[in-house]
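1. Here is my input; please provide its structure:
(2 chains)
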Amino acid sequence: KNQVEQSPQSLIILEGKNCTLQCNYTVSPFSNLRWYKQDTGRGPVSLTIMTFSENTKSNGRYTATLDADTKQSSLHITASQLSDSASYICVVRVSGGYNKLIFGAGTRLAVHP
Amino acid sequence: DTGVSQNPRHKITKRGQNVTFRCDPISEHNRLYWYRQTLGQGPEFLTYFQNEAQLEKSRLLSDRFSAERPKGSFSTLEIQRTEQGDSAMYLCASSLVPTSGANTGELFFGEGSRLTVL
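-> All right, here's what the predicted structure looks like:
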């Protein structure tokens, strides 16, 4: 069964600190993996897309890693800001077909001053 | 604003009533998707359109749900005889699938329509 699991479920950190969110997936055949940021009551916004051959990709203070062998990805946030408070959703695309996406439940991040 | 637009943003209705949500995708995007998201969960796929053709429907899309994209542009999602379990955020997303070349499948989401069924 295609699944995406994220940990932790929720996380509280202080402003300025770093954090790492985890994503494990059992999706086959694999096409790509994305991380989305979703503010409360808003739609998800893409942060990164990583293909099978990419190990790391950065977008400002966000750095995503992918280990296709162990089927794990992480999202590292550096020097957190209050505006980073949101849910971070890991999404894996199934290769072929209509762009079928398997969504994780998300990690709810709260950045406190 | 050239992003995905959804209306209404919030809808409160009584059980048994019908509701309709509208999605206006990014203008040149040929694919349009509907998802449902409940609190603390990731979005769940409902259905998608390639231009005006509805090509895939999830088992989640019961007989009370119907979606259309009559001219291949905007889409509507109607829920008939709403139930309390229908309370959720309904998200629309669109993407451009090129006729040739790589398809990254990048989805652009709207802000969602939050439904509350009393």
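2. count of neighbours near the nearest residue in space to residue B:96 that is not next to it in sequence?
-> Closest residue to residue B:96 apart from its sequence neighbours, by Cβ to Cβ, 6 or more residues apart in numbering or on different chains: residue B:29 at 4.8 Å. No exception for glycine: its C-beta is placed from N, CA and C like everyone else's. Residues near residue B:29, counting by other Cβ atoms under 10 Å in any protein chain shown, number 17.
3. And residue B:29, what's its pLDDT?
-> If you check residue B:29, the pLDDT there is 92.
4. can you tell me how far it sits from chain A?
-> Separation of residue B:29 from chain A (Cβ to the nearest Cβ, to the nearest Å): 12 Å.
5. That residue contacts residue B:109, doesn't it?
-> No: taking contacts as Cβ atoms under 8 Å, residue B:29 lies outside contact range of residue B:109: 11.8 Å.
6. okay, and the common contacts of the two?
-> Shared contacts of residue B:29 and residue B:109, defined by Cβ atoms under 8 Å, 6 or more residues apart in numbering or on different chains, are absent.
7. In contact with residue A:60, which residues?
-> Here residue A:60 is in contact with no residue (Cβ under 8 Å, 6+ apart).
8. Could you give the backbone dihedrals for it?
-> Per-residue torsions, residue A:60: phi 70, psi -120 (degrees, to the nearest 10).
9. Residue B:85 too?
-> According to degrees, to the nearest 10, residue B:85 has phi -70, psi -10.
10. Now do the contacts for it.
-> Here residue B:85 is in contact with residue B:117 (Cβ under 8 Å, 6+ apart).
11. can you tell me how far it sits from chain A?
-> Taken as Cβ to the nearest Cβ, the span from residue B:85 to chain A is 18 Å.
12. Would you confirm that residue B:68 contacts residue B:47?
-> No: Residue B:68 is beyond contact range of residue B:47, at 10.2 Å (criterion: Cβ under 8 Å).
13. and residue A:38, bridged to which residues?
-> Applying DSSP bridges to residue A:38 yields these beta-bridge partners: residue A:87.
14. Which residues are in contact with it?
-> Here residue A:38 is in contact with A:44, A:45, A:86, A:87, A:88, A:89, A:106 (Cβ under 8 Å, 6+ apart).
15. now swap in residue B:80 and tell me
-> B:18, B:64, B:65, B:66.
16. in chain A, which spans are strands?
-> In chain A, the segments counted as strands under DSSP state E are A:3-7, A:10-14, A:19-26, A:30-38, A:45-51, A:56-59, A:62-67, A:72-77, A:86-94, A:101-103, A:107-112.
17. Would you convert these into JSON lines that also reports distance to residue B:39 and mean pLDDT?
-> Listed next are these as JSON lines, based on distance: least, Cβ to Cβ, whole Å; pLDDT from 0 to 100:
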{"stretch": "strand A:3-7", "distance to residue B:39": "16", "mean pLDDT": "95"}
{"stretch": "strand A:10-14", "distance to residue B:39": "13", "mean pLDDT": "97"}
{"stretch": "strand A:19-26", "distance to residue B:39": "19", "mean pLDDT": "97"}
{"stretch": "strand A:30-38", "distance to residue B:39": "12", "mean pLDDT": "93"}
{"stretch": "strand A:45-51", "distance to residue B:39": "19", "mean pLDDT": "91"}
{"stretch": "strand A:56-59", "distance to residue B:39": "27", "mean pLDDT": "93"}
{"stretch": "strand A:62-67", "distance to residue B:39": "25", "mean pLDDT": "96"}
{"stretch": "strand A:72-77", "distance to residue B:39": "22", "mean pLDDT": "97"}
{"stretch": "strand A:86-94", "distance to residue B:39": "10", "mean pLDDT": "94"}
{"stretch": "strand A:101-103", "distance to residue B:39": "14", "mean pLDDT": "91"}
{"stretch": "strand A:107-112", "distance to residue B:39": "11", "mean pLDDT": "97"}
